[in-house]
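Colleague: Requesting a structural model of the entry that follows:
(one chain, ligands or ions: 1)
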Amino acid sequence: MSTPLQGSLLDGFGDTEFGSLRAARRTVLEHGAWVDVLPGWLSGADALFERLVDDVPWQAERRPMYDRVVDVPRLLKFYAEHEPLPDPILADAREALSEHYRRELGESFRTAGLCYYRDGQDSVAWHGDNFGRGATQDTMIAIVSIGAPRALLLRPRGGGESIRYQVGHGDLLVMGGSCQRTWEHAVPKTRKPTGPRISIQFRPRGVR
Ligand SMILES: O=C(O)CCC(=O)C(=O)O
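Modeller: Sure, this is the predicted structure:
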């Protein structure tokens, strides 16, 4: 059963505002990967959260696993490059991220993948986003998290200690460099009572 979004955890229903991306703190990881973290990049995102819950045509997916087909434990919606985003705030966020990272990335963020974790039983298993160019090229994926805080873990591909980030309401986490091919990330299930969370991932063209 899902736990409703706790107003007290969040930040009221004021206007959504972006902080300065210059405040993002970078951690350089092994093998040419890095992570930028900026807690509370987005403030006043409660209304955005509610709008996305209501307005995004969330899709429940199923995938083969061994000899069965199982539910993907979260709801999804992918916005391709020229598809209108479900909220103008997401377009503003993508533009601000592109402005800030374009020189280093060499291009703009184009697509938006949205994931809706309804409660602590929704999750994503260890993986790298390496269906596309991320398999062979350095790239960036910028994740804006809204709603209940969740752990986002990173570990080196092939083994090693994991690093834990707690991504909360309005936080930004950017994975860069070789991260998608040399590291894996996951959002594990939790038994703790956990409210809903939406992850918004901005990626460049051809990265999935
Ligand atoms: O929930 C997140 O922020 C991560 C999502 C993710 O890894 C993915 O959809 O590939």
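Colleague: in its sheet, what does the lengthiest strand in the chain sit against?
Modeller: The single longest strand within the chain, with elements called by DSSP state E, is strand 68-79. Using DSSP bridges, strand 68-79 pairs in its sheet with strand 59-65 (antiparallel), strand 111-117 (antiparallel).
Colleague: ok, the first one near the ligand or not?
Modeller: No - using C-beta under 6 Å from any ligand atom, strand 59-65 stays clear of the ligand, coming no nearer than 11.4 Å. Using the backbone N, CA and C atoms, a C-beta is placed for each residue, glycine as well.
Colleague: How far does that strand sit from its chain's centre?
Modeller: Centroid separation for strand 59-65 versus its chain: 19 Å, with C-alpha atoms, centre = their mean, to the nearest Å.
Colleague: Check the gap between residue 98 and residue 30 for me.
Modeller: 28 Å (C-beta to C-beta, to the nearest Å).
Colleague: quick one, which of those two is more surrounded?
Modeller: Shown here are residue 98 and residue 30; by other C-beta atoms under 10 Å, residue 98 has more neighbours (17 against 10).
Colleague: give the contact list for the closest residue to that one other than its chain neighbours.
Modeller: Among residues not flanking residue 98 along the chain, residue 108 sits closest, at 3.9 Å (C-beta to C-beta, 6 or more residues apart in numbering). By C-beta atoms under 8 Å, 6 or more residues apart in numbering, the residues touching residue 108 are 94, 98, 102, 204.
Colleague: And residue 108, which helix or strand is it part of?
Modeller: When elements are assigned from DSSP states H and E, residue 108 belongs to no helix and no strand.
Colleague: hmm, back to that, among the strands paired with strand 68-79, which is the most enclosed?
Modeller: Mean neighbour count, computed with mean count of other C-beta atoms under 10 Å, is highest for strand 111-117 among those, reaching a mean of 21.
Colleague: Quickly check: that one near the ligand or not.
Modeller: Yes - where contact is defined by C-beta under 6 Å from any ligand atom, part of strand 111-117 touches the ligand, namely 113, 115.
Colleague: CA atoms of that strand as CSV?
Modeller: Extracted in CSV, the C-alpha atoms of strand 111-117 (Å, rounded to 0.1, in the frame of the first residue of the first chain):
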residue,chain,number,x,y,z
THR,A,111,14.7,13.6,-23.7
ALA,A,112,13.0,13.2,-20.3
GLY,A,113,12.3,9.8,-18.7
LEU,A,114,9.9,9.9,-15.8
CYS,A,115,9.6,7.2,-13.2
TYR,A,116,6.9,7.1,-10.5
TYR,A,117,7.8,5.1,-7.4
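Colleague: I'm done for today, thanks for sticking with me.
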